[in-house]
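S.K.: Output the structure for:
(one chain, ligands or ions: 1)
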Amino acid sequence: MAHFVPRNTFSIPSSIPKTYFLGHHHAGANKIKTLLSSISLVLECRDFRLPLSTQNPTLERTIAGRERLLVYTKSDLGTDTPGARQTLKRLYGDKVVFWDKNKPSTTEALLKRLKFTAEAQDSLTGLRALVVGMPNVGKSTLLNALRKVGTPGKKTKAAKTGDQAGVTRKIGTAVRVVESEEKGGVGSGVFVLDTPGIFQPYVDDGETMMKVALAHGIKKGLIPDEVLADYLLYRMNKWDPGLYSRYCDPTNDVNEFLDAVAKREGKLKAGGVPNWQEAAARVLSQWRDGKLGRYVLDELGDEDIRAHEMMLAQPALSLHQAKKAQKEARKRERLGE
Ligand SMILES: Nc1nc2c(ncn2[C@@H]2O[C@H](COP(=O)(O)OP(=O)(O)OP(=O)(O)O)[C@@H](O)[C@H]2O)c(=O)[nH]1
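M.R.: Have a look, this model is predicted:
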């Protein structure tokens, strides 16, 4: 077999939407602003697979200056990218927590942090924490896990969850996740409020939209599954084409890939014609379940991080412009200018 050379670039279709800012995002963002005065801690959830792309510049401005813990959710889905945790720890120090819904130890570690903060706060009303973040990053799942582990005996779910963006539409009531001191907990206890996922009003970078869609951060169908499957194929080829060896040999051709998936998974139309749409939906669902690799999608090199920070600091700047400015700055540095 000839040596396989993966695609070097992916051409982002011009039809990719640049916005997904809905009425309840706008209303939610305003409500968060009004709530902040009664909140002592913000738990900002970001998807570990998208540590930069799920940082919302709009939310960032709203919660600037507040006591905050960064919770990288779905950490089980990014374990194949070496060094990602270390990079984030280096960036945010002890303000960062890695969480996995399937690992109660990660929930316990977070509860410990909440109890510690509650002890230090000495409040009559208890510690009130607000969970915020982009759609579908796992906010409600986190709240339910904190409640389940922190207040054993309370079995029912406090917040509705789902694998689609936009399950939570309104800010919920405060949910107790740590009992008061009289009941064996801390002070007057710890309460957490869930909020709807808030998207950014405008995303200039088409590739960011592709990555967010892969992780289900925007509504299904806004970007066709076949287009996302092509982008996923491009990324898998860069990581390791062996990830999809159960379907076919390495290929850069999405149609060839989807043909193989359709045949293997029985996604066929009348007459045995491969159903690309269903085959694409199948591979996306496998990727989201971690069955086609568990990789972080954002690049976390120094230059990428600096470009991202530059973009956050100057909202008028596109990610593309920020990356270009970083590249030029690096070049000048190398030339000793
Ligand atoms: N593998 C994995 N999946 C997770 C984890 N946390 C949440 N999920 C899944 O992610 C999906 C979204 O979770 P939700 O808790 O509904 O997300 P949300 O942020 O509240 O979503 P919105 O209501 O859109 O704001 C669900 O299918 C969860 O089961 C995790 O740690 N690991």
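S.K.: Residue of the stretch 51-200 of the chain closest to the ligand, please.
M.R.: Distances between the stretch 51-200 of the chain and the ligand by C-beta to the nearest ligand atom are smallest at residue 197, namely 2.6 Å. Backbone N, C-alpha and C define where each C-beta goes, glycine included.
S.K.: tell me the SS of the residue nearest to that residue when sequence neighbours are not counted?
M.R.: Of all residues not flanking residue 197 in the chain, residue 135 sits nearest, at 3.0 Å (C-beta to C-beta, 6 or more residues apart in numbering). Secondary structure of residue 135, reduced to three states by DSSP: H, G, I helix; E, B strand; the rest coil: coil.
S.K.: Provide the count of other residues in contact range of residue 135.
M.R.: Residue 135 has 25 neighbours, counted by other C-beta atoms under 10 Å.
S.K.: hang on, isn't it packed against residue 200?
M.R.: No. Counting by C-beta atoms under 8 Å, residue 135 does not reach residue 200; the two are 10.6 Å apart.
S.K.: circling back to that earlier point, quick check: phi and psi on the residue of the stretch 51-200 of the chain closest to the ligand?
M.R.: phi -60, psi 140 (degrees, to the nearest 10).
S.K.: what about it, distance to residue 36?
M.R.: 18 Å (C-beta to C-beta, to the nearest Å).
S.K.: the more surrounded of the two?
M.R.: residue 197 (28 against 16).
S.K.: how far away is the more buried one from residue 25?
M.R.: 8 Å.
S.K.: Which parts of this protein are helices?
M.R.: 23-35, 57-63, 84-92, 104-121, 139-150, 206-214, 225-239, 254-265, 276-288, 302-313, 319-334 (DSSP state H).
S.K.: Quick one: residues in contact with the second one.
M.R.: Just to be clear, that refers to helix 57-63. Helix 57-63 is contacted by residues 29, 32-33, 36, 42, 44, 132-134, 198, 200-201, 311-312, 315 when judged by C-beta atoms under 8 Å, 6 or more residues apart in numbering.
S.K.: So which of the residues you listed is surrounded by the most neighbours?
M.R.: With neighbours taken as other C-beta under 10 Å, the top of the contacts of helix 57-63 is residue 132, carrying 29 neighbours.
S.K.: show me the contacts for residue 50.
M.R.: Counted by C-beta under 8 Å, 6+ apart, residue 50 has contacts 211, 212, 215, 217, 296, 297, 298.
S.K.: what do you get if the cut-off is 10 Å, keeping everything else the same?
M.R.: 72, 74, 78, 134, 137, 208, 211-212, 214-215, 217, 296-298 (C-beta atoms under 10 Å, 6 or more residues apart in numbering).
S.K.: Go ahead and confirm residue 214 touches residue 230.
M.R.: No. With contact defined as C-beta atoms under 10 Å, residue 214 does not reach residue 230; the gap is 11.1 Å.
S.K.: What separates the first and last residues of stretch 236-249, distance-wise?
M.R.: In stretch 236-249, first residue to last residue: 12 Å (C-alpha to C-alpha, to the nearest Å).
S.K.: buried ones in it?
M.R.: Under the neighbour-count criterion of 16 or more other C-beta atoms under 10 Å, stretch 236-249 has 236, 237, 241, 243, 244, 247, 248 buried.
S.K.: And the second one, how far from residue 210?
M.R.: As for residue 237, its distance to residue 210 is 15 Å (criterion: C-beta to C-beta).
S.K.: before we move on, what about residue 308?
M.R.: With C-beta to C-beta as the criterion, residue 308 and residue 210 are 16 Å apart.
S.K.: can you check residue 10 too?
M.R.: Where residue 210 is concerned, residue 10 sits at a distance of 8 Å (C-beta to C-beta).
S.K.: what's the overlap in contacts for those two?
M.R.: In contact with both residue 10 and residue 210: 230, 231, 234, 235, using C-beta under 10 Å, 6+ apart.
S.K.: about what we covered before: format the buried residues of stretch 236-249 as TSV; extra columns: pLDDT and distance to the ligand.
M.R.: TSV is the format used below for the buried residues of stretch 236-249 (pLDDT from 0 to 100; distance: C-beta to the nearest ligand atom, whole Å):
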residue	pLDDT	distance to the ligand
236	98	18
237	98	24
241	97	24
243	98	17
244	98	20
247	98	22
248	97	26
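S.K.: Need the max-distance pair from the residues you listed.
M.R.: 237 and 247 (13.0 Å; C-beta to C-beta).
S.K.: Please spell out the segments of the stretch 201-337 of the chain that come in under the pLDDT threshold.
M.R.: Applying pLDDT under 70 to the stretch 201-337 of the chain flags the ranges 315-317, 337.
S.K.: ok and the residue in it nearest the ligand?
M.R.: In the stretch 201-337 of the chain, the residue that lies nearest the ligand is residue 290 (6.5 Å; C-beta to the nearest ligand atom).
S.K.: rewinding a little: name the nearest of the shared contacts of residue 10 and residue 210 relative to residue 4.
M.R.: Out of the shared contacts of residue 10 and residue 210, the member with the shortest distance to residue 4 (by C-beta to C-beta) is residue 234, at 13.1 Å.
S.K.: Tell me the pLDDT of the residue positioned nearest the centre of the chain.
M.R.: With distances taken as C-alpha atoms, centre = their mean, the residue of the chain nearest its centroid is residue 47 (2.2 Å). On the pLDDT scale, residue 47 is placed at 97.
S.K.: Ok, residue 52 next?
M.R.: As predicted, residue 52 sits at a pLDDT of 95.
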